[in-house]
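> turn this into a model:
(one chain, ligands or ions: 2)
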Amino acid sequence: MEHTLMLKRELEMEALGMRIARALPCGGFVALYGDLGAGKTVLCRGAGRALGLDHLSSPTFTIVQEYPTAPPLFHFDAYRLADEDELYAMGYEDYLDRGGLILMEWADRVSGALPKARLDIEIVGSGADPRRVRLTPHGAAYEGLVSEL
Ligand SMILES: Nc1ncnc2c1ncn2[C@@H]1O[C@H](COP(=O)(O)OP(=O)(O)OP(=O)(O)O)[C@@H](O)[C@H]1O
Ligand SMILES: [Mg+2]
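Residues are numbered from 1 along each chain as shown. Ligands and ions are numbered 1, 2, ... in the order given. From the prediction side, this is the model:
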């Protein structure tokens, strides 16, 4: 049930993030994969914009940025985490329980801690090249979401 898109511009990546956030009004979990500069944060910025944020910074140094939107947005960046234990040590399970929209950049760093029901988004490409975006839903709710998109 996976779905592949080609996105030529940053604005299209942002628009995809907006559509995903709008399709998840009660929160959810989006795991983002892709190299440095692939466009993960651009997609997250779009999701934030859909929730009314005009600024979303990269949480690399803080691991998680929390925004008081509705639903609340929790933007994680696992790049600097050695393993899942470091994520649990920051109260990750409490974040999972708060009914927010969780966006996890570098989800492969913490693959053992990802919820079973989630949307995986893998972005391939860099620089000014188009990005190949593969959406893989896990669980019925996310399958519905991907077919809507
Ligand atoms: N089609 C596109 N989609 C997304 N970003 C694009 C596209 N074309 C060019 N870009 C550029 O690629 C860069 C993507 O940067 P971004 O910070 O989103 O990457 P990232 O995947 O979050 O990297 P990091 O792993 O460092 O956090 C931006 O500078 C953006 O302008
Ligand atoms: Mg990023």
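> quick check: the gap between the residue sitting nearest the centre point of the chain and residue 143.
Note on the chain: the residue nearest the mean C-alpha position is residue 103, at 3.2 Å, using C-alpha atoms, centre = their mean. Distance from residue 103 to residue 143, counting by C-beta to C-beta, to the nearest Å: 19 Å. In short, each C-beta sits where N, CA and C put it, glycine included.
> ok, and what's touching whatever helix or strand residue 93 lives in?
Applying DSSP states H and E as the criterion places residue 93 in helix 92-96. Contacts with helix 92-96, where a contact means C-beta atoms under 8 Å, 6 or more residues apart in numbering, come from 29, 64, 74, 76, 102, 113, 115.
> mind doing that once more with 6 Å?
residue 74 (C-beta atoms under 6 Å, 6 or more residues apart in numbering).
> so which bits of this protein are right by ligand 1?
7-10, 13, 34, 36-42, 58, 105, 128, 130-131 (C-beta under 6 Å from any ligand atom).
> mind listing which of those are in helices?
10, 13, 40-42 (DSSP state H).
> partners of the closest residue to residue 33 other than its chain neighbours in the sheet?
Residue nearest to residue 33 in three dimensions, not counting chain neighbours: residue 122, with 4.3 Å by C-beta to C-beta, 6 or more residues apart in numbering. On DSSP bridges, the residues paired with residue 122 through beta bridges are residue 33, residue 134.
> against ligand 2, how distant is residue 122?
Separation of residue 122 from ligand 2 (C-beta to the ion, to the nearest Å): 14 Å.
> check residue 141 too.
25 Å.
> same check on residue 115?
Going from residue 115 to ligand 2 by C-beta to the ion gives 21 Å.
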